[in-house]
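S.K.: sequence first, predicted model second:
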Amino acid sequence: MSYFVIKHLHVTSAAISIVFFLLRSYWSVIGSGLLQRRVVKVLPHIIDTVLLVCGVILAIMIGPWQSWIMAKIVALLLYIGVGMVAIRRGRTPGSRALAALIATAIFFYIVGVALAHNPMSWLA
């Protein structure tokens, strides 16, 4: 596969991932039973696996030891941790909502890093 096909799949899966994360976060905050549906539990793992695999392939293609790629990886780990609080680990609706906002900010930091190829993200 070409770089551009993998990049397009990576960007598309990132967009789908954040939309689905926001929806699941909202459901978590309001206590919706929709979070218990099988598709809602399985689909994020499929989308995020595609996102991660494409990201790893792209990093290998362009050289994984660049500072901006390292920044994306660190931010991704933070996003996952805070996202877990937003979806299921937060004890109160307020804590889950706050975690969702923080996770969303981290996601957009990652997007800024990807666009600028700079760990300063949107400030570069």
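M.R.: Yep, that arrived.
S.K.: kindly list the longest helix within the chain.
M.R.: The longest helix of the chain (DSSP state H) is helix 3-30.
S.K.: next structured bit after it?
M.R.: Of the helices and strands lying after helix 3-30 in sequence (DSSP states H and E), the nearest is helix 38-62.
S.K.: what separates the very next helix or strand once past that next one from the chain centre, distance-wise?
M.R.: Proceeding N to C from helix 38-62, the next assigned helix or strand is helix 67-84, under DSSP H and E. Helix 67-84 has its average C-alpha position 8 Å from the chain's average C-alpha position, going by C-alpha atoms, centre = their mean, to the nearest Å.
S.K.: run through the neighbouring helices and strands of the helix or strand just after helix 67-84.
M.R.: Next along the chain after helix 67-84, taking DSSP H and E as the criterion, comes helix 93-116. For helix 93-116, the packing partners by 3 or more C-beta pairs under 8 Å, 6 or more residues apart in numbering; DSSP states H and E come out as helix 3-30, helix 67-84. Using the backbone N, CA and C atoms, a C-beta is placed for each residue, glycine as well.
S.K.: many thanks, have a good one.
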